[in-house]
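Participant: Could you work out the structure for the sequence below:
(2 chains)
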Amino acid sequence: MTDRAVERVELAVVGAGPGGMAAATTAAELGVRLVLLDESAAVGGQIFRQPPPALAGRHGTSVPAYASETFGRAGRLGDTHRPGRTVWGFTDDNLLLASGPQGVERYRADHVILATGAYDRPVPMPGWTLPGVFTAGGAQTLMKAQRVRPGNRVLVAGAGPLILVLASQLLDAGAEVAAVVDISSARERLRAGLGLARLWPVAQEGLGYLFKLRRRRVSMLDGASVVRILGESRVTGVVVAPVDATGRRRAGSERRFDVDTVCLGYGFVPSIELAAVRGCALEHAPLRGGWIPRRSDALETTVRNVFAVGDCAGISGARVDLEEGRLAGLEVARRLGRIAPSDAARRIDAVRTRLRAFAPLRRYLETVYQPRPGLVELLDDSVTVCRCEDVTAGAITDEIGRGARSLQEVKSATRVGMGYCQARMCTPAVTALLLRHAGADAEVAGAPSARPPVRPCTIDQLCDPAEQPEVAR
Amino acid sequence: MGSLRVFREATGAPIALTVNGERVEAFEGETVGAALLAGGRTVLRASRLGSRRGMYCGIGLCYECLVNVDGVSVRACMTPARAGAVIDVPRD
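Facilitator: Below is the predicted model:
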């Protein structure tokens, strides 16, 4: 490995969603020499995903007022923003390894801010592998970045404000929304929602979506879930049934909807792989999405000078992500001496004050996105849990019956989690099965293991063309 | 199912793909997955045991939309559609 190929920076920010954008712009404006590494072509992350220039035209995605200033500043990052980079390794000596347009890239960073975001929590159920079943986030990305709606007659199910936003976007995109099925009860949402009165812009946004769906006469079901998806080679319908607060089926009749598409959004799982490979201590925080890096008040992980901000450190939403990014950006600038200690203290205090004000929002999200362990009962033995390796719930419960007590043991015996998705899609369900059938707790079941490359790479992406002998090119 | 494209006036330049030997219209800037879906094709691959799969996560993580483009297996949701690309998907 030649030094020529290593770029030295004071700070590397991984992920250009709200948290990463805020961290990078804050630090860059204080003179920190940095790179902002991101997979997509444009900043914004999943939540503010922009269409590629060829499709944008006059239909550019609008950015909400609370994020527009950060977007403007991110536009001035110039070539410190490195799009199209997939970071797949993070070594003990703070070397970040990424595949980019020209092959492998290496960055040696004195400080690292991880802002790797989160993804939709997969909830296996009968029929969930059928084409026509999308995650809520995937359906949004199709509409926001591709101007394509996922289907014509769509049922949206899951939890939280996201499913209302998605249903509204589907209507705007010309789809018919057969129903919005919310797993939380109206009472649960009302109780948690009262706290949002103190955060009026947030409450107003949520109510706006609610009123729009009412006005368009979209059928809204509470305390219910999709329990079965129907179809042979693609979705033709869904069955919805009432569930209790834990997600378990309760008495009441099933309802069938004929639809061509189902969007499922049952909360989020933080993307912790880079923190895990770097050796940051993880803690299990069910209300924050599962395993997350343990952090100090400065948002530093247990590894010195490695920070984690936003949803990758616990589901908190874009508004909080922006503030956390600012906080970490200021902290790095302070450690590098780029800001007078008194200025740093004043600005960090201001961010903390705003973060404290978001406490009701965090409580609301923790309520609506709370784990619903009863959903695991949707898994009859024939349901595929591991999409990559075709491992069924029955095969997993058999292994648990033979004594498997951890993710690792189930994996070695069944190949669950050994496919391309690197266990991202099956881990929550396998953990839930361990908890239900073995009485194991999440700590015993274990955190998902992460090894570089944390994203599948082709050999070409792993190799530096300059280092290969001529014959191999 | 008619086209699922949201806007009638296309903003990207039209391009042509070949899917299972048939000509499929797409637009510059679209991913392979969006272009196929817009034309009503949701089945993109068969799993090891033969069950039909399509786009699921839509953000490049689940690898359910692996599809054969010009002989190479790529994620349909992340791969830009290029003019003249030859794509094979399983029959429904």
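Participant: Run through who's touching the helix or strand that contains A:Ala179.
Facilitator: Counting by DSSP states H and E, the element that carries A:Ala179 is strand A:176-182. Outside strand A:176-182, the residues that touch it by Cβ atoms under 8 Å, 6 or more residues apart in numbering or on different chains are A:152-159, A:163-164, A:167, A:170-171, A:189, A:213, A:216, A:218-226, A:240, A:257-259. For glycine as for every other residue, the C-beta is placed from the backbone atoms N, C-alpha and C.
Participant: The residue nearest to A:Tyr107 when sequence neighbours are not counted - how many residues pack around it?
Facilitator: Of all residues not flanking A:Tyr107 in the chain, A:Leu96 sits nearest, at 4.5 Å (Cβ to Cβ, 6 or more residues apart in numbering or on different chains). When neighbours are defined as other Cβ atoms under 10 Å in any protein chain shown, A:Leu96 has 25 of them.
Participant: Please look at A:Leu96 and A:Asp110 and confirm they touch.
Facilitator: No: A:Leu96 lies out of contact with A:Asp110 (Cβ atoms under 8 Å); the separation is 11.7 Å.
Participant: how about stretch A:269-277 against chain B, any contact?
Facilitator: No: contact of stretch A:269-277 with chain B is not found when judged by Cβ under 8 Å from any Cβ of the partner chain; the minimum separation is 8.5 Å.
Participant: contacts for that stretch?
Facilitator: A:14, A:87, A:89-90, A:114, A:116-122, A:282, A:288-293, A:301, A:306, A:308, A:311-315, A:422, A:424, A:427-428, A:447-452, A:454.
Participant: Repeat the analysis, applying 6 Å as the threshold.
Facilitator: Residues outside stretch A:269-277 that contact it (Cβ atoms under 6 Å, 6 or more residues apart in numbering or on different chains) are A:90, A:114, A:116-119, A:121, A:289-293, A:308, A:311-312, A:450, A:452, A:454.
Participant: Identify the residues contacting the residue nearest to A:Tyr107.
Facilitator: Contact analysis of A:Leu96 by Cβ under 6 Å, 6+ apart lists A:12, A:87, A:90, A:107.
Participant: Counting only strands, which of the residues you listed make the cut?
Facilitator: Among the contacts of A:Leu96, the members found in strands (DSSP state E) are A:12, A:87, A:90, A:107.
Participant: Looking at these, which one is closest to chain B?
Facilitator: The nearest member of the ones in strands among the contacts of A:Leu96 to chain B, counting by Cβ to the nearest Cβ, is A:Val87 at 13.3 Å.
Participant: And the pLDDT for the residue in the stretch 51-200 of chain A that chain B sits nearest to?
Facilitator: Relative to chain B, the nearest point of the stretch 51-200 of chain A is A:Gly138 (2.3 Å; Cβ to the nearest Cβ). Here, the pLDDT recorded for A:Gly138 equals 97.
Participant: Helix or strand next in line after the helix or strand it falls within, which one?
Facilitator: Taking DSSP H and E as the criterion, the element that holds A:Gly138 is helix A:136-146. Secondary structure here is assigned by DSSP H and E; on that basis, the next helix or strand after helix A:136-146 toward the C-terminus is strand A:153-158.
Participant: which residues sit against that next one?
Facilitator: Residues external to strand A:153-158 that are found in contact with it (Cβ under 6 Å, 6+ apart): A:136, A:163, A:166-167, A:170, A:175-181, A:226, A:238, A:257, A:259-266.
Participant: The same query, at a cut-off of 7 Å, please.
Facilitator: When contacts are taken as Cβ atoms under 7 Å, 6 or more residues apart in numbering or on different chains, the neighbours of strand A:153-158 outside the stretch itself are A:136, A:163, A:166-167, A:170, A:175-181, A:183, A:225-226, A:238, A:257, A:259-266.
Participant: State the phi and psi torsions of the residue of the stretch 201-350 of chain A found nearest chain B.
Facilitator: When distances are taken as Cβ to the nearest Cβ, the stretch 201-350 of chain A approaches chain B most closely through A:Ser233, which lies 4.5 Å from it. In terms of degrees, to the nearest 10, the main-chain angles of A:Ser233 are phi -110, psi 0.
Participant: That one and B:Leu44 touch, don't they?
Facilitator: No: look at A:Ser233 against B:Leu44 with Cβ atoms under 7 Å: they stay out of range, at 11.6 Å.
Participant: where's the closest residue to chain B within the stretch 251-400 of chain A relative to A:Leu130, distance?
Facilitator: When distances are taken as Cβ to the nearest Cβ, the stretch 251-400 of chain A approaches chain B most closely through A:Asp390, which lies 4.6 Å from it. Using Cβ to Cβ, to the nearest Å, we find A:Asp390 at a distance of 14 Å from A:Leu130.
Participant: And for A:Leu221, nearest residue in space, chain neighbours not counted?
Facilitator: For A:Leu221, the nearest residue in space outside its immediate sequence neighbours is A:Val181; the separation is 4.7 Å by Cβ to Cβ, 6+ apart.
Participant: Any figure for the gap between the one you found and A:Gly252?
Facilitator: For A:Val181, the distance to A:Gly252 (Cβ to Cβ) stands at 13 Å.
Participant: Just want to know which of those two has more residues nearby.
Facilitator: A:Val181 (27 against 11).
Participant: Let me know how buried residue 85 is, in neighbour terms.
Facilitator: The chain I'm using is chain A. By the measure other Cβ under 10 Å, the count of residues near A:Arg85 is 22.
Participant: ah, I was thinking of chain B
Facilitator: B:Ala85 sits with 20 neighbouring residues when counted by other Cβ under 10 Å.
Participant: Next, the contact list for it, please.
Facilitator: Contacts were defined as Cβ under 7 Å, 6+ apart; by that measure B:Ala85 touches B:17, B:69-70.
Participant: got JSON lines for the residues you listed, with pLDDT too?
Facilitator: Rendered in JSON lines, the data for the contacts of B:Ala85 read as follows (pLDDT from 0 to 100):
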{"residue": "B:Leu17", "pLDDT": "97"}
{"residue": "B:Val69", "pLDDT": "97"}
{"residue": "B:Asp70", "pLDDT": "96"}
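Participant: And those residues, which of them are buried?
Facilitator: B:17, B:69 (16 or more other Cβ atoms under 10 Å in any protein chain shown).
Participant: Right, I'll leave it there.
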